[in-house]
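>>> Sequence plus predicted model, see below.
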Amino acid sequence: MSSADHADISPARVFGEAAELYDAARPGYADALVAEVLAYARLGDRPALEVGAGTGKATVPFAAQGIPLVCVEPDPRMAEVLRRNTERYPGVRVEVGGFEEWQPGSRRFGLLFAATCWHWLDRARRWDLAHTVLDPGGSLALFWNPHSVLDTGLHAGLAEIDRRHGIEDSPHSEPSSAYGDRPGDWGDDFDWPETECRRDGRFTDLRSFRFRQEVRYGTERYLSHLASVSTYRVLPDDRREQALADTARLLDAHGGGIDMLHVSDLFLARAG
């Protein structure tokens, strides 16, 4: 893909063009997070809705609990992989389209969850849309899984490679020491949704949780992960390949991999 092709690329296309790579390389979500969401939602026999389901990284652990689940995914290539990953769960229905344009009809849900995609949705409409599709008392669950580097020396070397290739906001942008103790405190300008939700005023019982896990990536696995990330996908092909090659050399020189801190941050709210 040329640099001109990348100039006007949408987030959905960035991920969709690498759907198989995204599915193979991206990490999933903590089992404890899924359990916390379901305990809070108390679904009973009510269905759940997932917005921006991607290839099913969050879908599968929820579907495995036997929950009737509608998944809305804007990119047909991601949706194709999602269908394959959930074909053994008869309660999962995949519908292709953006959440802003999706038509639920008369359907209402006991839970809406969005895994690492709420920030892509239209800021002026997302709270209205969520409130509209939830039953009274239905639950909203928003969660992300940012990463950070445990080895400060390795982080400095990776930061230099990123600067050289014009890469911003990569999975290794932050050392683990940059994370605070509160959900949403990632050492950058990320806007945790609680303030917006309180301002909206239609949701109650707001709660936030953090789950932490240390993960070891071998060099090849970590390069696959980087190649699925939007900040790498939008680079011209030659620059992306050079950045990945430089990263591989550095990781191989540090024992053949990278130790990462995975943080899963969860926000919960209940529709009034």
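That came in fine, so what should we check first?
>>> which residues sit in contact with N85?
Counting by C-beta atoms under 8 Å, 6 or more residues apart in numbering, N85 makes contact with D23, T55, G56, T59, V60. C-beta here means a position set from N, CA and C on the backbone, and glycine is covered the same way.
>>> so which of the residues you listed is the most crowded?
Neighbour tally across those (other C-beta atoms under 10 Å): the maximum, 29 neighbours, falls on T55.
>>> Helix, strand or coil: sort out that one for me.
Under DSSP: H, G, I helix; E, B strand; the rest coil, T55 falls in the coil class.
>>> Just want the phi and psi numbers for S139.
phi -110, psi 150 (degrees, to the nearest 10).
>>> so what's it closest to, chain neighbours aside?
What sits nearest to S139 in space, not counting adjacent residues and going by C-beta to C-beta, 6 or more residues apart in numbering, is A41, at 4.1 Å.
>>> Kindly report the same for L129.
Closest to L129 by C-beta to C-beta, 6+ apart is F99, at 6.3 Å.
>>> burial of that neighbour, as a residue count?
25.
>>> from memory it sits against V72, does it?
Yes: using C-beta atoms under 8 Å, F99 makes contact with V72 at a distance of 5.5 Å.
>>> circling back: export the contacts of N85 to CSV and tack on distance to I161?
Below are the contacts of N85 laid out as CSV (distance: C-beta to C-beta, whole Å):
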residue, distance to I161
D23, 26
T55, 28
G56, 31
T59, 33
V60, 33
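>>> Lowest-confidence entry in those residues?
Taking the contacts of N85 together, the minimum pLDDT is found at D23 (60).
>>> Low-confidence stretches in the stretch 101-250 of the chain?
Residue ranges of the stretch 101-250 of the chain with pLDDT under 70: 187-189.
>>> Just give the number of residues close to T132.
11.
>>> Would you mind measuring from it to A271?
To A271, T132 is 9 Å away according to C-beta to C-beta, to the nearest Å.
>>> likewise H119?
To A271, H119 is 20 Å away according to C-beta to C-beta.
>>> Looking at these two now, which is surrounded by more residues?
A271 (22 against 14).
>>> For the more buried one, which residues are in contact?
A271 neighbours (C-beta under 8 Å, 6+ apart): A130, H131, L134, D135, P136, G137, G138, S139, L140, R202, F203.
>>> which of those count as buried?
Buried by 16 or more other C-beta atoms under 10 Å: A130, H131, L134, G138, S139, L140, F203, out of the contacts of A271.
>>> Would you agree the first one falls within a strand?
It stands for A130. No: counting by three-state DSSP, A130 is not found in a strand; it is helix.
>>> That one against A141, yeah?
No: counting by C-beta under 8 Å, A130 does not reach A141; the two are 10.5 Å apart.
>>> okay, and the common contacts of those two?
L112.
>>> Give the other helices and strands that the helix ranked longest in the chain contacts.
Of all segments of type helix in the chain, defined using DSSP state H, the longest is helix 237-253. Contacts defined by 3 or more C-beta pairs under 8 Å, 6 or more residues apart in numbering; DSSP states H and E place helix 237-253 against helix 152-165, helix 219-227, helix 230-233.
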